[in-house]
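Asker: sequence first, then the predicted structure:
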Amino acid sequence: MPTQRETILAALHARLSALPATVLRGDVLPERVPAGGLVILRDGEPGEPEVTLSPLAYHYQHRAELEVVVLGADRDATFDALCASIGTALAADRTLGGLCDWVEAEVPRPVDLPVEGAASLKAGVIPVVLHYTTADPLG
């Protein structure tokens, strides 16, 4: 049986899979970026939980990351549109079907990546904070 953390990350991946880009989880950057762009979900870091007693509960602010990569002549507009669609997808269900208390993306950190002999890529990392509570840090 998967842990609550894994269930939440799988639900986030499923929510993002509806985007107009290719969405992967934990994969390496492929040799070719699809025309619609690429999003790679990284599991990130759950961090140190706040703990409450009676009943015992661990409150996490888990920081996952989305690596967003686009290419093409209009890569700035494509990157912007893909980031906006990520925001729309997350805003449509901030609790991932009741699995989280709240899901929120932060501002992307974009960079242009030069590619030898080809047009450069536009990439960025979007931190996504997953707020959830569990009774067991390993469960």
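Answerer: Yep, that arrived. Residues are numbered from 1 along each chain as shown.
Asker: could I get the full set of strands for the protein?
Answerer: If you assign secondary structure with DSSP state E, the strands in the chain sit at 22-25, 38-45, 50-52, 57-70, 102-105, 109-115, 118-134.
Asker: run the chain-centre distance for stretch 111-121.
Answerer: Offset of stretch 111-121 from its chain centre (CA atoms, centre = their mean, to the nearest Å): 23 Å.
Asker: what mean pLDDT does that stretch get?
Answerer: Predicted confidence along stretch 111-121 averages 78 (mean pLDDT).
Asker: how about that stretch as PDB, C-alpha atoms only?
Answerer: Listed in PDB are the C-alpha atoms of stretch 111-121, where the atom choice follows Å, rounded to 0.1, in the frame of the first residue of the first chain:
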ATOM      1  CA  VAL A 111      16.700  30.400 -17.700                       C
ATOM      2  CA  ASP A 112      17.700  30.200 -21.300                       C
ATOM      3  CA  LEU A 113      19.800  27.100 -22.100                       C
ATOM      4  CA  PRO A 114      22.100  27.300 -25.100                       C
ATOM      5  CA  VAL A 115      22.300  24.200 -27.300                       C
ATOM      6  CA  GLU A 116      25.300  23.800 -29.600                       C
ATOM      7  CA  GLY A 117      24.200  23.900 -33.200                       C
ATOM      8  CA  ALA A 118      20.500  24.500 -32.400                       C
ATOM      9  CA  ALA A 119      18.000  27.000 -31.000                       C
ATOM     10  CA  SER A 120      18.300  27.500 -27.300                       C
ATOM     11  CA  LEU A 121      15.800  26.000 -24.800                       C
END
